[in-house]
Structure formats: structure tokens, C-alpha cells
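Chemist: my questions are about this predicted structure, shown below with the sequence.
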Amino acid sequence: MKIIRIALTCLVFIMASCKSTQKAQKIASTPKNVILLISDGTGLSQISSAFYYQDQKPNYTRFNTIGLIKTSSSQEDVTDSAAGATAFACGIKTYNGAIGVDDDKADAENLVEIVSQKNIKTGMIATSSITHATPASFYAHTASRSSEEEIAEYLVNSEVDFFAGGGLQYFNKRKDNQNLLNRFKEDKYTINTTALDDFEKISSHKKVGYLLAEGAMPKMQDDRGDFLVKAIDLGIQYLSKDNSPFFMMAEGSQIDWGGHNNDAPYLIAELLDFDKAIGAALDYAEKDGNTLVIVTSDHETGGFTLAAKKKKREDGSEYSDYSEIGPTFSTGGHSATLIPVFAFGPGAEQFDGIYENTAIFDKILEVTGWRK
């Protein structure tokens, strides 16, 4: 009997330990913060260029969880950035050109609106104008992505706590002659139009915004420098300053533009800059332990391929030299190829598999518990 009692005691202890472990695992799998990095126009070939055109190991290799998304919009097989970003931001399929609205042009609640009600800080960063399709879909609602002056008004009235990008002209050189920079000040925003600040300078400010170019930020080839990495680092410091949970979206916007132009050097330079941005986000997530990092794209642009370089023999005949890469394009537009999703941190395993682009929205809210 004594042996039986000892055995039962051990069994109860083991079961209690298992429950405690399961509880701990459950807590550990719930991220406090989410950083969503979007490389506009980036498919697998664009990502592959990071493995061939830089000496150091790409930050993409730091992920163990990889999934795939289907990107078609509600009415077209091939999506645009507006419909693609609205899928991420609002969890719905909509028509190409729509910013935060459904097929009937009714407003769809976005992540910023959802999480700000729970006192979760939010940040938007882009190498385009901050009113461009991807960042706009996270805070605005317009029938057309081209309505950037209207989108700018949404940003002024939004709950976004930190933003950085270009697009100054949509705020202070408007057709209606309004100067929205004054409206920002009324809502206690600190706006800088010259450069990113040191964190100490903005640490006590209520909200912070950077509008550092009239339109888009410069290309990497035109000396944009490390804006994207610095903006991500600064945004993380600012949004987490009071130990607050936060959601941040940062976009490498111009990879897409290199694809549209069929300009491989432009595309690759932007992709390598984005890979550095991934490193900045992952470095923070590894130290923090409570941050989920998701890296994906809205669609692929250009039908980009890392093909063997075409060369000619002395007789004029052409051949493919397999010892050298000659990037090629099949289109000046977008394609419908499946897009990779990389995830790291608590809840990352939920992003494995193949699913619709709208699932990014649903999975973020599910793993964080922010939907409740």
C-alpha cells in the first residue's frame, strides 16, 4: 500500500508539473508586441538575391518558420498593393485600388483601430510616402489609393503613435490650401521634416511623426542611407518606452518600384536594405523574448528571375552561362505567384502552412489575443 501511495503521489506531481509546463508554454506563445515587415513586390526570387549579392549571411536565414500566402484580390487574380495591404490590415479581400474598404466601399476596421482601443501603441514606417497604398491601408479608408491628400487627413486623425516616411507635400502643399502640420500640433504630435531624432529627444513626447521627403524617400542608389533600419530602431524604442505593448508595420516600399522598372540593380539594392531592416527587428525580438516578427509581401512584381546570364559566342550564337547570374523580368506589372511568410518569436508556428493573405490579420489577432 505504501508503494501504491508513493506511486500515486508521483503521478499527481507529474500531472501537476505537466499542467504547469503547458501553462508556461501557453504564456510564452503569446507575444506582447508584433512587428510586421512588408517588402512590397517581393517574391522568392527577390529574396534569393540576398543570398547572391551580399557577402554576409542574409537575415532571412534566421527564421525557422516559413509559410506561403495566396494573394489574389476579391475581383482580380493579380492583386495590387492597396488590396494586398488591406487584406493584411483589415482581414478582408477587396478590389484593386481600395484602401481599407470592402467591395461595397464600406469602411473595414483595421489593426490600428482595433488595437489602439486596448492601449496598444502603433507605428507606421515606409520608404515611400507615408500616404502610399501599403501604410495607408493600416489607418485610412478611401475608395481609391490615389487620394493621398484624403489619406493624409486620416493620418492626422488616426491613433498612430509613431510614423516615418516621405509624403510631406500631401500635408502642407495641398489643393485645399490646408496645412495639416498645424493640425498635427493640435493633436500633440511632434513633427520633424528634416531628420530622425535621437530617442532621448522624443522620449517624453505624446506622438511623433517624420515626413522626410516631399514624395517618396530617395532610392538606396541615391543615398537614402540607413533610414529604414534607424526608423525601426527609433520606433521600437519610442513605442516600448513605457513598457507598453505595440504593433509596428514597416515597409520596404521600393523593391516593388525596381520590379516595375525592370531595373535589377534598383530592386536588389532595396532588397538588401530590407534584409538589414529584418536584422534590426530580429535583434530586438531575440533580446526581448516577447515580440513576434512577421516578414512577408503583398505580391511579386516584375516576374523577376535569377536566370543564367545570356552571352554570345564568337559566331554570334547565344548561350546561357551557368557560372554567372543575369537577372531577368517577364513583366512590368505584378504576378500572382505565392508569397513567402517568415515568422519568429512567440506564436510564430501559427504562420506555417499555405493560406490566404487575409489570414495574416486573423493570425496576428489570434496569437496576441488582441481581438478579445
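Modeler: The structure has been received and is ready for your questions. Just so we're clear, the structure is a prediction, and the values are computed from it rather than from any experiment.
Chemist: quote the end-to-end distance of stretch 100-112.
Modeler: Distance across stretch 100-112, first residue to last, is 11 Å (CA to CA, to the nearest Å).
Chemist: hmm, who's touching it?
Modeler: Stretch 100-112 has contacts (CB atoms under 8 Å, 6 or more residues apart in numbering) with 74-75, 86, 89-92, 94-95, 98, 122, 136-143, 158-160, 247, 361, 364-365. Glycine gets a C-beta too; all of them are placed from N, C-alpha and C.
Chemist: what does stretch 348-357 give?
Modeler: Applying CB under 8 Å, 6+ apart, the external contacts of stretch 348-357 come out as 29, 64-71, 79, 84, 87-88, 93, 292, 294, 298, 338-339, 341-343, 360, 363, 366-367.
Chemist: among those, which ones are in helices?
Modeler: Mapping these onto helices (DSSP state H) picks out Gly84, Ala87, Phe88, Ile360, Lys363, Glu366, Val367.
Chemist: got a PyMOL select line for the buried ones in these?
Modeler: A single PyMOL command selects the buried members of the ones in helices among the contacts of stretch 348-357 (16 or more other CB atoms under 10 Å):
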select buried, resi 84+87+88+360+363+367
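Chemist: so which residues of the stretch 201-350 of the chain form strands?
Modeler: 207-211, 246-252, 291-296, 300-301, 308-312, 318-325, 334-335, 339-344 (DSSP state E, counting those that start in this stretch).
Chemist: how close does the closest residue to Leu180 other than its chain neighbours sit to Gly215?
Modeler: Spatial nearest neighbour of Leu180, excluding adjacent residues (CB to CB, 6 or more residues apart in numbering): Phe171 at 4.1 Å. With distances taken as CB to CB, to the nearest Å, Phe171 is found 12 Å from Gly215.
Chemist: what does Ile66 give?
Modeler: 34 Å.
Chemist: okay, now Phe304: neighbour count?
Modeler: 30 (other CB atoms under 10 Å).
Chemist: thought it was touching Leu44?
Modeler: No: using CB atoms under 8 Å, Phe304 makes no contact with Leu44, being 9.3 Å away.
Chemist: hang on, the earlier thing: okay, the ones in helices among the contacts of stretch 348-357 in a markdown table with pLDDT next?
Modeler: Putting those into a markdown table (pLDDT from 0 to 100) gives the following:
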| residue | pLDDT |
| --- | --- |
| Gly84 | 98 |
| Ala87 | 98 |
| Phe88 | 98 |
| Ile360 | 98 |
| Lys363 | 98 |
| Glu366 | 97 |
| Val367 | 97 |
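Chemist: adding distance to Tyr319, write the ones in helices among the contacts of stretch 348-357 out as JSON lines.
Modeler: Shown next, in JSON lines, are the ones in helices among the contacts of stretch 348-357 (distance: CB to CB, whole Å):
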{"residue": "Gly84", "distance to Tyr319": "38"}
{"residue": "Ala87", "distance to Tyr319": "43"}
{"residue": "Phe88", "distance to Tyr319": "43"}
{"residue": "Ile360", "distance to Tyr319": "43"}
{"residue": "Lys363", "distance to Tyr319": "46"}
{"residue": "Glu366", "distance to Tyr319": "52"}
{"residue": "Val367", "distance to Tyr319": "50"}
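Chemist: which one is Gln302 nearest to, not counting chain neighbours?
Modeler: Small correction: residue 302 is Gly, not Gln. Nearest non-adjacent residue to Gly302, counting by CB to CB, 6+ apart: Gly259, 3.1 Å away.
Chemist: touching, that neighbour and Glu270? I think so.
Modeler: No: counting by CB under 8 Å, Gly259 stays clear of Glu270, with 9.5 Å between them.
Chemist: so what's Lys70 up against?
Modeler: Contacts of Lys70 (CB under 8 Å, 6+ apart): Leu338, Ile354, Tyr355, Glu356, Asn357.
Chemist: now the second one: how far from Ser204?
Modeler: With distances taken as CB to CB, Ile354 is found 46 Å from Ser204.
Chemist: those two: who's more crowded?
Modeler: In this view Ile354 and Ser204 are compared by other CB under 10 Å, and Ile354 has more residues nearby, 11 against 8.
Chemist: ok so that one is a helix residue?
Modeler: No: read with DSSP: H, G, I helix; E, B strand; the rest coil, Ile354 is strand and lies in no helix.
Chemist: and it, bridged to which residues?
Modeler: Using DSSP bridges, the bridge partners assigned to Ile354 are Leu68.
Chemist: now do the SS call for Gly165.
Modeler: Following three-state DSSP, Gly165 is assigned to strand.
Chemist: tell me the contacts of it?
Modeler: Contacts for Gly165 (CB under 8 Å, 6+ apart) come out as 124-130, 132, 135, 210-213, 217.
Chemist: which of those residues fall in helices?
Modeler: Pro135.
Chemist: most neighbours among the contacts of Gly165, which one is it?
Modeler: In terms of neighbours by other CB under 10 Å, the contacts of Gly165 top out with Ile130 at 32 neighbours.
Chemist: please verify my assumption that that residue contacts Leu211.
Modeler: Yes: assessed by CB under 8 Å, Ile130 is found in contact with Leu211 at 6.9 Å.
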